[in-house]
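*Asks:* Predicted model and sequence follow; I will ask about them next.
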6 protein chains.
Amino acid sequence: MQGSLRQHMAAGGPIINGWLSMPSAYGAELMARAGWDSLTVDLQHGVQDYSSMVQCFLGASASGTPMLARVPSLEPGIVGKVLDAGAWGVICPMVNDARSAAALVEACLYPPLGQRSNGPNRAAAFGRPGKPYQSIVNDEVLVLPMIETATAMAALDDILDVPGVGGVYVGPTDLAFSMGLPPVFDSEDPRILDAFARVVEATQARGIVAGVHCGSPDFAARMIAMGFGLVTVGSDASLLAGAARDAVARVRAA
Amino acid sequence: MQGSLRQHMAAGGPIINGWLSMPSAYGAELMARAGWDSLTVDLQHGVQDYSSMVQCFLGASASGTPMLARVPSLEPGIVGKVLDAGAWGVICPMVNDARSAAALVEACLYPPLGQRSNGPNRAAAFGRPGKPYQSIVNDEVLVLPMIETATAMAALDDILDVPGVGGVYVGPTDLAFSMGLPPVFDSEDPRILDAFARVVEATQARGIVAGVHCGSPDFAARMIAMGFGLVTVGSDASLLAGAARDAVARVRAA
Amino acid sequence: MQGSLRQHMAAGGPIINGWLSMPSAYGAELMARAGWDSLTVDLQHGVQDYSSMVQCFLGASASGTPMLARVPSLEPGIVGKVLDAGAWGVICPMVNDARSAAALVEACLYPPLGQRSNGPNRAAAFGRPGKPYQSIVNDEVLVLPMIETATAMAALDDILDVPGVGGVYVGPTDLAFSMGLPPVFDSEDPRILDAFARVVEATQARGIVAGVHCGSPDFAARMIAMGFGLVTVGSDASLLAGAARDAVARVRAA
Amino acid sequence: MQGSLRQHMAAGGPIINGWLSMPSAYGAELMARAGWDSLTVDLQHGVQDYSSMVQCFLGASASGTPMLARVPSLEPGIVGKVLDAGAWGVICPMVNDARSAAALVEACLYPPLGQRSNGPNRAAAFGRPGKPYQSIVNDEVLVLPMIETATAMAALDDILDVPGVGGVYVGPTDLAFSMGLPPVFDSEDPRILDAFARVVEATQARGIVAGVHCGSPDFAARMIAMGFGLVTVGSDASLLAGAARDAVARVRAA
Amino acid sequence: MQGSLRQHMAAGGPIINGWLSMPSAYGAELMARAGWDSLTVDLQHGVQDYSSMVQCFLGASASGTPMLARVPSLEPGIVGKVLDAGAWGVICPMVNDARSAAALVEACLYPPLGQRSNGPNRAAAFGRPGKPYQSIVNDEVLVLPMIETATAMAALDDILDVPGVGGVYVGPTDLAFSMGLPPVFDSEDPRILDAFARVVEATQARGIVAGVHCGSPDFAARMIAMGFGLVTVGSDASLLAGAARDAVARVRAA
Amino acid sequence: MQGSLRQHMAAGGPIINGWLSMPSAYGAELMARAGWDSLTVDLQHGVQDYSSMVQCFLGASASGTPMLARVPSLEPGIVGKVLDAGAWGVICPMVNDARSAAALVEACLYPPLGQRSNGPNRAAAFGRPGKPYQSIVNDEVLVLPMIETATAMAALDDILDVPGVGGVYVGPTDLAFSMGLPPVFDSEDPRILDAFARVVEATQARGIVAGVHCGSPDFAARMIAMGFGLVTVGSDASLLAGAARDAVARVRAA
């Protein structure tokens, strides 16, 4: 039985999250075997869509790793579909105000807390003994609006106060873009680091999780130390590309 | 226009070959951008078949990297298909005697040198100005029987003397298996290293190429120094898995 | 030539509708051969997207069975796409007021009745002799908003009065959810059955069709007796899962 | 390195654009080899979705042909996805007023000109030496709202005055539909031709491009003579179907 | 119900056969609508494998066009698979002697005439009323060895005398290759035309069909006049590529 | 960690085996959840190939159900591929003599017992703690030649005496065909039942398993009582088709 991400989180310790940008069931299986605490299929910027996400979910399923999905935009149709397919968390880009956060929660939760439509397919098997999936998932699913603009930072408290928001996921490069900074990961710009600190503080004050996308393991470790509860390191695509470039370079160098 | 591997080789220097085990066009594109001199789609032990090979060929096509294929077995149908799709070289497993090597050559070359059937599809575009593909490919395609058993080692000279054989590709783990050794890459066992040396010597004596599959960049560099003209480092799958495990470990360690 | 669902309906008698949740062309072909009067590809809760829907349409095409699609949400892009691919009916979830129903009609019909954009691909072949598809489809396509919340029940008459609405499709589990009842099929709760009766009455008064999703053949038969003109029984996924569990149990029992 | 469409256009001369309605990487490769100046994957009316678009992009990538995409509707999620995958231009249907045009620009451009979210995947490789993709693409991407209703014609100047609009693409059959005319290509109706003339005049006055979808090479040539800078001829599907019907007819006739 | 090719042939007149090299269900549907008497999926030189063949069979199924398959080589596994999927005829390359022809027949026919293994999947539905598929298919399936080498020409009578051979299919370019001539279609070389004449004569003498692959409709018409009962014109790929090049050229010329 | 079929069998009790003819990862997941002791992907008569088998393996992987594959024919390439992908057993059709059985064993086992080539991909993860996959799989893999002709029955003892043969799988319809009987499942013909009895006796005498394909749960239960250790009931395709026909009939009957 696949455990939810919240169950993993309840065990304590930060979540080291893997990122699936490649539409490959076998790639997902390889990633799942590598020891990530959770895996996120990126339907926004990854080379992914609903169908490839399902394949990735299946590819990773033997590992029991909790799966999340980043949706391309705040559109109820796709939010319902990723949940029906078995996502235990939804990362949604460009949530810049409380109204959007509330719409995201509404799309993620069943009545009476939200308006999610009933009809899980793969997820129907994710109930607990004696408890159908529909009776547990409102408590288990992690709703993660992305904080990735200066506008969202200004509305941070309002967004976090929306009932049902389970944390936030920071998109550092879009945040930088919106501040007029270069859109790069692992920035040392104090304005970025200051925004990170504010997110950590605001989420910890509410007992919810803060996640952030990092470019390197070292920066991810720093972010954990800073208080982030969920860190992502690059993606399958960046890991593969980096390892391949490195291998070629090492042979040529010798 | 995609150049053949032989054209690359004519420029001198060893070929650093990438290995595609993942059935992913996007993965192939990422690999192609990493700077390998050639890429081989592994239809034998990779999670690949004809259809995924074509997708990998397309995914890598913008790079102009010469593509090879390892076929699952010495069967004329699939040899013709990988060539029609644009492979500039064919690696064939378990060629243990001259008769098999001759059958491989026959499947790879058009009349009068062989019996390959006419009908290139993607490859039809790989002709040179004024020279249709069919008029050049017999000179350009690289026929690489695998030397991967003690039996094949015993028949090495016979195999290499078969007209049309363009070199050999050593499968170190099957070779080890057949010698009663553990089937591991980058073995330091002197019996393996001695076999490597004999392959290098025999191919250099005939002015043809020796290739070998390696597990690490360092060993690949050693093999080049030993005289191998084509070295493979792991595979996309092993590179991804290794990079992912490493990233997780580095975050946890911090 | 594939007949539309309306043509089938004109022949009288209830429509026994099959439901395609599995993204499988061959599965669709097997379902099409089983004798359903129509088949619906479920892009909302099924493991389906546009691409798999097309495959299902092709898989079922030899049977001539009229195909419908349930879209994931009321979004004009996907409504147009399912119609262009050959759907003769569109089931749209969560239509809770007349404004939404009007938007759905607008997306389903060509000018001057709606704003559907021209460009059928598979459907272009579905014209009648001397009558291009575009000239007949406004009369043939079945626009079916889903009635699946208490809100929608309250607005039932308004929704049905929207010109172009060809009937409704009741989603019993979401309807139950919205009423604070367990989200199960084939409920005997009088509040649900009463809602069904109101839907039948309101549609019959207008000469349009009422459809309902059922969990079992027996309940479907009861719904026909109650006045529903279109009944669905489970889905390919539930039929396969049930038959497999049953087969295993019967062997073990013996 | 793949050049953008704007780079091609800077070289002068009209753009002869091919249209990809078939979800086929190999079909895209065949089209790319046929000499079109650009190729557009049609996610609206083609049998295409995001995933098949990526396959078509990969299939055509060896040719270096600039790729465009027509999105199914004005929805920011899919606009970002086609750009991340490497589209150098976005054709968006049913842009009927300046507000929609502005929303389209906002979805297509990075800050500070728009709100496109950062995270190119395939496109990340499309930077120029020393200039990351993100630093050049706002200048290179072609934003093409479709003018295909009488409403849009009435708002033409307002639409064209929206900063960031790089031209328009005329959809002649929807335009005809909205005027109460038959939805056919290459119409000789003076109302259609008059609308075309107005589009050409208004775009030329602003130094931006006007594109139009044609049914035949002859009409496309006339449109170039009329002042259109980008013309499409049918689609892969219509070309294949026409050539096949013609071949059969010619054999039967003999 | 899909009719077999033999049923079509019984109606008299030559068979104008379309050729599917593109792995596209939609492409197959477009081809099926173009009026070919039969369609052949080419698993040898086409960009096809078993899976894409099934998709093409499904794509074409609504038309009722009898489907054939050319297998990659004379291997019983794939012969059985194409038949199980619904092929009414098998074209097999490089049948150069009677022994190979007999092996092909054995793979194509059920006992007692052959050794085909029982287990049709799609084809199980192709029985006639009261007659299961297995009871009719030995009489209906068309076994077509390819005559495409000088060796095969020398053994022509022996091949044709093998019981169960339903005709032959001439591969003109391989035949030319084996004769030391350029591997081109529609050759006017008298040695090729003479071989054609001998094939026609030998098949007509036995009341079986002769087929030939042609490059153009005009040559196909000539071949019918010469006595061929089945002619193929190019392929979907060549038709698409030709139509696209022609369209571009015609716009540029204007 | 996925257990092998032999491990399941060691626990005692018959194996109730499910059969996957549909190329659907989701279908495989649904089947895996239904409680079968093992699942076999049928690459011979199913609508399956290597690629769809991998998808089915992934779809079923979360259940831990041991997976088998039936290969299309006795060809070493595909035997190695299904094992590399994670099959714990290989069913091979038409093994009619000891020589074929020996060739099958050779293809299934690593040296020194066989000639399987090293390079597991998915299966590499199936080792036990401290024991790589290659060191255990020769003992774990189940080699199952099919007994499905009168010829094979005559050679039964010879086949079973081949070292490495782990049992047999009876194909009742081909067996019937070869005896001149109708090719139907669950035959009551005494010649068939007698052959079954001989297979059970001969395998039990050697302590190896006898498997048989059945058409219904009742017949499967009888076969268990007769002494078969592994029984298959129909297939996903026959279960789905039967359940669908039954559902339609029950609604119509009411």
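*Replies:* That came in fine, so what should we check first?
*Asks:* Show me the strands in the stretch 1-150 of chain A, by range?
*Replies:* Using DSSP state E, counting those that start in this stretch, the strands of the stretch 1-150 of chain A run over residues A:15-20, A:38-42, A:67-70, A:89-92, A:142-147.
*Asks:* can you redo the ones you listed as CSV with mean neighbour count, mean pLDDT and distance to B:Asp158?
*Replies:* (Glycine included, C-beta is placed from N, CA and C.) As requested, the strands of the stretch 1-150 of chain A are exported to CSV (neighbours: other C-beta atoms under 10 Å in any protein chain shown; pLDDT from 0 to 100; distance: least, C-beta to C-beta, whole Å):
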stretch, mean neighbour count, mean pLDDT, distance to B:Asp158
strand A:15-20, 26, 98, 49
strand A:38-42, 27, 98, 51
strand A:67-70, 28, 98, 54
strand A:89-92, 29, 98, 61
strand A:142-147, 28, 98, 64
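*Asks:* Just put those strands in JSON lines and tack on distance to chain B.
*Replies:* As requested, the strands of the stretch 1-150 of chain A are arranged in JSON lines below (distance: least, C-beta to the nearest C-beta, whole Å):
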{"stretch": "strand A:15-20", "distance to chain B": "5"}
{"stretch": "strand A:38-42", "distance to chain B": "10"}
{"stretch": "strand A:67-70", "distance to chain B": "16"}
{"stretch": "strand A:89-92", "distance to chain B": "19"}
{"stretch": "strand A:142-147", "distance to chain B": "19"}
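*Asks:* Save these as TSV, and put in distance to F:Ala202 too.
*Replies:* Putting the strands of the stretch 1-150 of chain A into TSV (distance: least, C-beta to C-beta, whole Å) gives the following:
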stretch	distance to F:Ala202
strand A:15-20	50
strand A:38-42	49
strand A:67-70	48
strand A:89-92	56
strand A:142-147	58
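*Asks:* just so I know, which of the ones you listed lies nearest chain F?
*Replies:* Closest approach to chain F among these (C-beta to the nearest C-beta): strand A:67-70, 11.3 Å.
*Asks:* List the strands paired with the closest one, with their directions.
*Replies:* Strand A:67-70 pairs in its sheet with strand A:38-42 (parallel), strand A:89-92 (parallel), by DSSP bridges.
*Asks:* Could you give the separation of it from the chain centroid?
*Replies:* 6 Å (C-alpha atoms, centre = their mean, to the nearest Å).
*Asks:* who touches it?
*Replies:* A:2, A:5, A:17, A:38-46, A:53, A:56-57, A:60, A:82, A:85-93, A:142, A:144, A:146, A:169 (C-beta atoms under 8 Å, 6 or more residues apart in numbering or on different chains).
*Asks:* Spell out which parts of the stretch 51-200 of chain A neighbour chain F.
*Replies:* A:Val54, A:Gln55, A:Leu58, A:Gly59, A:Ser61, A:Ala62, A:Gly64, A:Asn121, A:Arg122, A:Ala125 (C-beta under 8 Å from any C-beta of the partner chain).
*Asks:* Can you tell me which of the residues you listed are buried?
*Replies:* Buried members of these, counted by 16 or more other C-beta atoms under 10 Å in any protein chain shown: A:Val54, A:Gln55, A:Leu58, A:Gly59, A:Ser61, A:Ala62, A:Asn121, A:Arg122, A:Ala125.
*Asks:* now those residues as CSV including distance to chain B and pLDDT?
*Replies:* Shown next, in CSV, are these (distance: C-beta to the nearest C-beta, whole Å; pLDDT from 0 to 100):
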residue, distance to chain B, pLDDT
A:Val54, 16, 98
A:Gln55, 11, 98
A:Leu58, 14, 98
A:Gly59, 10, 97
A:Ser61, 16, 96
A:Ala62, 15, 96
A:Asn121, 24, 96
A:Arg122, 22, 97
A:Ala125, 26, 95
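*Asks:* show me where the stretch 101-250 of chain A has helices.
*Replies:* A:133-140, A:150-154, A:156-160, A:172-178, A:190-206, A:217-226, A:236-253 (DSSP state H, counting those that start in this stretch).
*Asks:* So for D:Val71, which of these sits nearest?
*Replies:* Using C-beta to C-beta as the measure, helix A:172-178 is the one of those that comes nearest D:Val71, at 20.7 Å.
*Asks:* same for the closest one, what does it pack against?
*Replies:* Contacts defined by 3 or more C-beta pairs under 8 Å, 6 or more residues apart in numbering or on different chains; DSSP states H and E place helix A:172-178 against helix A:150-154, helix A:190-206, strand A:209-214.
*Asks:* Please identify the deepest-packed of these.
*Replies:* Across these, the average number of neighbours (mean count of other C-beta atoms under 10 Å in any protein chain shown) peaks for strand A:209-214, which reaches a mean of 26.
*Asks:* Tell me which strands that one pairs with, and in which orientation.
*Replies:* With DSSP bridges as the test, strand A:209-214 is paired with strand A:167-170 (parallel), strand A:230-233 (parallel).
*Asks:* Helix B:236-253 and that one, what's the angle between them?
*Replies:* 130 degrees (axes from the mean of the first three to the mean of the last three C-alpha atoms, to 10 degrees).
*Asks:* what residues does strand A:209-214 touch?
*Replies:* By C-beta under 8 Å, 6+ apart, the list of residues contacting strand A:209-214 reads A:9, A:15, A:17, A:19, A:91, A:142, A:144, A:166-173, A:185-186, A:196, A:199-200, A:203-204, A:220, A:223, A:227-234.
*Asks:* Now do it against strand A:142-147, angle only.
*Replies:* Going by the same axes, to 10 degrees, strand A:209-214 makes 50 degrees with strand A:142-147.
*Asks:* any idea of the angle strand A:209-214 forms with helix A:190-206?
*Replies:* Using the same axes, to 10 degrees, strand A:209-214 lies at 150 degrees relative to helix A:190-206.
*Asks:* Need the CA coordinates for strand A:209-214. PDB is fine.
*Replies:* Taking C-alpha atoms only, strand A:209-214 is exported to PDB below (Å, rounded to 0.1, in the frame of the first residue of the first chain):
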ATOM      1  CA  VAL A 209       5.600  22.800   5.300                       C
ATOM      2  CA  ALA A 210       7.800  25.000   3.100                       C
ATOM      3  CA  GLY A 211       9.400  23.500   0.000                       C
ATOM      4  CA  VAL A 212      11.900  24.900  -2.400                       C
ATOM      5  CA  HIS A 213      13.400  23.900  -5.700                       C
ATOM      6  CA  CYS A 214      17.200  23.700  -5.600                       C
END
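*Asks:* Chain E next: which of the buried ones among the residues of the stretch 51-200 of chain A next to chain F are close?
*Replies:* Okay, of those, nothing touches chain E (C-beta under 8 Å from any C-beta).
*Asks:* ok, so of those residues, who is nearest F:Arg245?
*Replies:* Closest to F:Arg245, out of all of those and judged by C-beta to C-beta, is A:Asn121, at 23.1 Å.
*Asks:* With mean pLDDT, mean neighbour count and distance to B:Pro111 as added columns, please give the strands paired with strand A:209-214 in TSV.
*Replies:* Shown next, in TSV, are the strands paired with strand A:209-214 (pLDDT from 0 to 100; neighbours: other C-beta atoms under 10 Å in any protein chain shown; distance: least, C-beta to C-beta, whole Å):
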stretch	mean pLDDT	mean neighbour count	distance to B:Pro111
strand A:167-170	98	26	62
strand A:230-233	98	28	55
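*Asks:* Could you dump the ones you listed into TSV and include distance to C:Ala243?
*Replies:* Listed next are the strands paired with strand A:209-214 as TSV, based on distance: least, C-beta to C-beta, whole Å:
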stretch	distance to C:Ala243
strand A:167-170	42
strand A:230-233	42
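*Asks:* what about the strands paired with strand A:67-70, which gets the closest to B:Arg245?
*Replies:* strand A:38-42 (14.0 Å).
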